[in-house]
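> how would this look folded up:
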Amino acid sequence: MKSWIAFWNILKKDVKNYYLKPPNISWGIIFPLSWTLMQLIRSPGGSILTLLPGLISMSVLFGTTSMLAVTITFERSGRSFERLLLAPISLSIMVLAKIAGTVLFGIFNAFVPVIFAAFFIDLRAVSWGVVIPAVLLIAVTSALLGLLIAVSAEQVFEAQTFSNFFRFPMLFLCGLFIPLADLPIFLRPISYCLPLTYGTDLLNGAITGANVLSPFLSFGLLLLFAAALFLISRHNINRKWIM
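From the prediction side, this is the model:
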């Protein structure tokens, strides 16, 4: 019970201090909307429905990795993160509490382009039973990727640089806007090693019916990626920040 009280208080502190700040809320709205408008201007004949899976995935990816990598690095530089490491709670509960707020922020980002699209197109044919868990798993894996970046960074600008090093290649390798079948053959194995590929494919199937992989395979691999990233993050925190 005490562990879950600690979990709730860490989550509440992060939401209050970081995610409910006006700049972050506005960024979470403006960034997805600006990308939506940019894609529509670039492809005026394109369908919003076709663009929606990529916009959702990208909004989650950029929102979660940015927030978690920067906030943890900021807390480490201010030495406030050390108090959490010294708290009488398990390291796993602490890690889960830190990523929980980021996951919620990523889910919020994901549905900004959905709300925007609802004003222009009919979304009743969308399989929300697939979209919602897919968005959740994309947010979890992206948040854990941000945590891995935070472990390696000492300063906020380093975390931002490392984040962009991973994020921008994903725009082209994970099927967000370029179908995997159109990628060069030598790049496709890299695409299948990235969790966002499977999340985007699930969204493509749920929204446009254009998925390439089996939904069961994609969900299974996303869960596997989430478990692996969590264990790696926990090990790195223990090795670099505690031992």
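> looks like residue 48 contacts residue 117 (just checking).
Yes. Residue 48 lies in contact with residue 117 (Cβ atoms under 8 Å); the separation is 5.0 Å. C-beta here means a position set from N, CA and C on the backbone, and glycine is covered the same way.
> show residues contacting stretch 3-11.
Contacts to stretch 3-11, defined as Cβ atoms under 8 Å, 6 or more residues apart in numbering, come from residues 84, 87, 89, 90, 93, 94, 96, 97, 98, 100, 101.
> hmm, try it at 6 Å
89, 93, 97, 100, 101 (Cβ atoms under 6 Å, 6 or more residues apart in numbering).
> so among those, where is pLDDT lowest?
The lowest pLDDT within the contacts of stretch 3-11 belongs to residue 89, with 70.
> does that residue fall in a helix, a strand, or a coil region?
Look at residue 89: counting by DSSP: H, G, I helix; E, B strand; the rest coil, its state is coil.
> ok, it to residue 95 distance?
10 Å (Cβ to Cβ, to the nearest Å).
> can you check residue 150 too?
From residue 150 across to residue 95, the span is 11 Å (Cβ to Cβ).
> just residue 147 next, same as before
Between residue 147 and residue 95 the computed distance is 7 Å (Cβ to Cβ).
> what's the spacing between the residue nearest to residue 187 when sequence neighbours are not counted and residue 137?
For residue 187, ignoring the flanking residues on the chain, the nearest one in space by Cβ to Cβ, 6 or more residues apart in numbering is residue 173 at 6.4 Å. Residue 173 is 18 Å from residue 137, where distance means Cβ to Cβ.
> thank you kindly, that will do.
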